[in-house]
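A.B. asks: This is a predicted model, with the sequence first.
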Amino acid sequence: MFKKILVPVDVSLTTDTQKLLHHAKTLAEQWGSEVDVVSVIPTVGMPIVGSYMTEDFEKSAKSETEAELARQMEIADLHGGRHVLVGTVYDRVIALANSLGVDLILIGAHQPDLKDYLLGSNAARLVRHSAKSVLVLRD
């Protein structure tokens, strides 16, 4: 059905990541799909916040995230592309999905906080703005 699946994960949420990777592996096996997994490190944002970060903060965060993503994929026994990006989550995921030519984005959803009702979650933004099919895995 879908030949290429992109799975955005937050590697700091181990249980959620493992659930998503498990479902991605199951779907990929059923459909004969390739899987790419991405974790996006959010930008610091305000300059005053960034001024408290060391110069190598982004490089260090990216290196640690790459290692954790590899570990999580190994635990899930999921083989595929790994990507660690820096920026706004939904923007970077949409851009990567377009550049990879994926058919499906598989993303998890959490119980919304008040801020999600006002700003919207990454899953909601992906559903609204992506030209790709999006499958939201609920808790």
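C.D. replies: That came through fine.
A.B. asks: can you give me the helices in this protein?
C.D. replies: 14-31, 47-50, 57-75, 89-100, 114-119, 122-129 (DSSP state H).
A.B. asks: would JSON lines of the ones you listed with distance to Leu6, mean neighbour count and mean pLDDT be doable?
C.D. replies: Heads up, the C-betas are built off the backbone N, CA and C, glycines and all. Shown next, in JSON lines, are the helices of the chain (distance: least, C-beta to C-beta, whole Å; neighbours: other C-beta atoms under 10 Å; pLDDT from 0 to 100):
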{"stretch": "helix 14-31", "distance to Leu6": "9", "mean neighbour count": "17", "mean pLDDT": "95"}
{"stretch": "helix 47-50", "distance to Leu6": "29", "mean neighbour count": "9", "mean pLDDT": "58"}
{"stretch": "helix 57-75", "distance to Leu6": "13", "mean neighbour count": "15", "mean pLDDT": "91"}
{"stretch": "helix 89-100", "distance to Leu6": "5", "mean neighbour count": "18", "mean pLDDT": "94"}
{"stretch": "helix 114-119", "distance to Leu6": "22", "mean neighbour count": "10", "mean pLDDT": "43"}
{"stretch": "helix 122-129", "distance to Leu6": "10", "mean neighbour count": "18", "mean pLDDT": "83"}
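A.B. asks: Next one: Ala131 from Glu74, what distance?
C.D. replies: 32 Å (C-beta to C-beta, to the nearest Å).
A.B. asks: rewinding a little: export the helices of the chain to TSV and append columns for distance to Met1.
C.D. replies: Converted to TSV, those look like this (distance: least, C-beta to C-beta, whole Å):
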stretch	distance to Met1
helix 14-31	5
helix 47-50	43
helix 57-75	22
helix 89-100	17
helix 114-119	30
helix 122-129	19
